[in-house]
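Peer 1: Make a model of this:
(4 chains)
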Number of protein chains: 2
Amino acid sequence: MAEVRNTDTRERILDAAERLFMAHGYDGTSMRQITGEAGVNLAAVNYHFGAKETLMQEVFRRRLDWLNDERMRVLDQLEAEAGDQPVKPSAIVDAFFGTLLRMAEDETRGGVTFLRLLGRTLTEPSEFIRAFLAHEYKAVMDRYKEALFRALPEVPKAEIVWRFHFMLGATSYAIAGTDALRLVTDWQIEDEDSTDRIDRLVPRLMSFLLGGLRAQLPQFPDVPQ
Amino acid sequence: MAEVRNTDTRERILDAAERLFMAHGYDGTSMRQITGEAGVNLAAVNYHFGAKETLMQEVFRRRLDWLNDERMRVLDQLEAEAGDQPVKPSAIVDAFFGTLLRMAEDETRGGVTFLRLLGRTLTEPSEFIRAFLAHEYKAVMDRYKEALFRALPEVPKAEIVWRFHFMLGATSYAIAGTDALRLVTDWQIEDEDSTDRIDRLVPRLMSFLLGGLRAQLPQFPDVPQ
DNA sequence: TTATAGTTCAAACGAACGTATGAATTATAA
DNA sequence: TTATAATTCATACGTTCGTTTGAACTATAA
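Peer 2: Predicted coordinates for the structure are as follows:
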């Protein structure tokens, strides 16, 4: 019996879905667009993935499993090297966001397409994908949060959590909007080809994130903290 | 003749559309949901706004006209006060992002609902809304960009533009995700009621943005700058 | 070869979509 | 009051949506 699943059709569907969900969003992409671009029969999605929602989850799982493992692995290594000392904030930020951004250079891991999909999905979470991402992300997030608490003992934990949010936002946006935002703002940034742009985006964003993370603590106007 | 338009039905539709587009996105919201929530007839949207796309544009125009005017007004005032000196970066950032965030406290200007809609729309720009936002935003963006160039003469202009992007991202995300992101990350941030949360979000985000804007310049690995 | 499980296919399902229509109703101005 | 414009309404149009079906086809194992 043919127990080995036909991976070709599955992969073609996942690739097409990833690109189309990135470009037009979940609701803006139809099954007919996906199967058309993948060059497979309309019924193939339901046969291989059950439903459109399950397909969306598979699109994410295919990439996030590796990303989360890698993030865990890098942080494990950093903490092992540091011994009982806390890991430097810059190393933690690079392990979390740098690992993500460097996926863009690896076409076999989705490249910029997946990163943009992730970026836009985090700001438009449908109920079903929100629950899925929460489950996929929780363990990694908690590990990094704890690492930042240890790395920045003088900063209140609530501030660290907020700044982690802000860093996520700046990163999602930087990825999702590498082209889109330029059209919104209509700004010519530089004469760089696209690979160069990604190469330079990482140090640029990293500087920004670290500056924000280590910024002077906020002063609350009336209510005492 | 009744030249005065019936503003009541129009406003009810705009309010419902604003909330639903925020919650479910443009493609995820149907005309029947909008008219149902607004308590008006299905045909009312097409009668008053022509089409769904035009309605979306009106939802934005209603809020952005005021926001852009206010941003211009505040920057005018800052530059007048500064004379021929450049305006401080912190004042520019507050004029741009603080003005936006303080809309959240004003329910008559859309409150948090519109801010979240704006935040999520900037990462999922359909062709038609992208073109619309580019047109609406261009003049204000250029003014602020020039102000930042003057305020930070020692920072390369390309870096300033990138960091403006990053600030936009952190802000959009902070707004769009005040609730959504918490569910993704599943973090309890603090025991704050919602008004208190907005009050404190402004100085928190402002500290982060300024830290990022004034961060150490990035070092590019191989290629010399 | 034959039996069986896996996969593809064309076609269709009912539901929901955005939009249009023309009659009914309401408001305004003469 | 009457004439006219503005607005609301129930209803329907043609399309597209996600999903299902059962037959056809393909690959595997006996």
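Peer 1: Would you mind giving the domain segments of chain A?
Peer 2: Domain assignment for chain A by automatic domain parsing gives A:1-50, A:60-213.
Peer 1: how about the longest one, does it reach DNA strand C?
Peer 2: No: contact between domain A:60-213 and DNA strand C is absent, the nearest approach being 14.0 Å (criterion: CB under 7 Å from any atom of the strand). In short, each C-beta sits where N, CA and C put it, glycine included.
Peer 1: deepest of the domains of chain A, which one?
Peer 2: Mean neighbours per residue, mean count of other CB atoms under 10 Å in any protein chain shown, is largest over these for domain A:60-213, with a mean of 18.
Peer 1: mind checking how far that one is from the chain centre?
Peer 2: The chain centroid and the centroid of domain A:60-213 are separated by 6 Å under CA atoms, centre = their mean, to the nearest Å.
Peer 1: most residues in a single helix of chain A, which one?
Peer 2: helix A:52-82 (DSSP state H).
Peer 1: Which secondary structure elements does that helix sit against?
Peer 2: Helix A:52-82 is packed against helix A:7-24, helix A:44-49, helix A:89-93, helix A:99-102, helix A:111-121, helix A:127-151, with contacts defined by 3 or more CB pairs under 8 Å, 6 or more residues apart in numbering or on different chains; DSSP states H and E.
Peer 1: For the ones you listed, give me JSON lines that also has distance to chain B.
Peer 2: JSON lines is the format used below for these (distance: least, CB to the nearest CB, whole Å):
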{"stretch": "helix A:7-24", "distance to chain B": "8"}
{"stretch": "helix A:44-49", "distance to chain B": "18"}
{"stretch": "helix A:89-93", "distance to chain B": "11"}
{"stretch": "helix A:99-102", "distance to chain B": "12"}
{"stretch": "helix A:111-121", "distance to chain B": "4"}
{"stretch": "helix A:127-151", "distance to chain B": "5"}
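Peer 1: Take those and write them to CSV, including distance to B:Gly98 and mean pLDDT.
Peer 2: Conversion of the helices and strands packed on helix A:52-82 to CSV gives the following (distance: least, CB to CB, whole Å; pLDDT from 0 to 100):
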stretch, distance to B:Gly98, mean pLDDT
helix A:7-24, 32, 95
helix A:44-49, 46, 97
helix A:89-93, 26, 97
helix A:99-102, 29, 92
helix A:111-121, 25, 87
helix A:127-151, 26, 90
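Peer 1: coming back round to it: looking at the domains of chain A, which is nearest to DNA strand D?
Peer 2: If you check each of the domains of chain A against DNA strand D by CB to the nearest atom of the strand, domain A:1-50 wins as the nearest, at 3.2 Å.
Peer 1: And the pLDDT at A:Ala38?
Peer 2: We have a pLDDT of 97 for A:Ala38.
Peer 1: quick check: mean pLDDT across the longest helix of chain A?
Peer 2: On average, helix A:52-82 scores 97.
Peer 1: Next, the angle from that helix to helix A:127-151.
Peer 2: 10 degrees (axes from the mean of the first three to the mean of the last three CA atoms, to 10 degrees).
Peer 1: Which of the helices and strands packed on helix A:52-82 sits closest to B:Gly83?
Peer 2: Between B:Gly83 and the helices and strands packed on helix A:52-82, the shortest gap by CB to CB is with helix A:89-93, which sits at 39.6 Å.
Peer 1: Quick check: which helices or strands does the closest one pack against?
Peer 2: helix A:52-82, helix A:127-151, helix A:194-213.
Peer 1: So what touches the last one?
Peer 2: Contact partners of helix A:194-213, identified using CB atoms under 8 Å, 6 or more residues apart in numbering or on different chains, comprise A:89-90, A:93-94, A:97-98, A:101-102, A:104-105, A:112, A:152, A:163, A:166-167, A:170-171, A:174, A:178, A:190, A:192, B:159, B:162-163, B:166, B:170, B:208-209, B:211-221, B:223.
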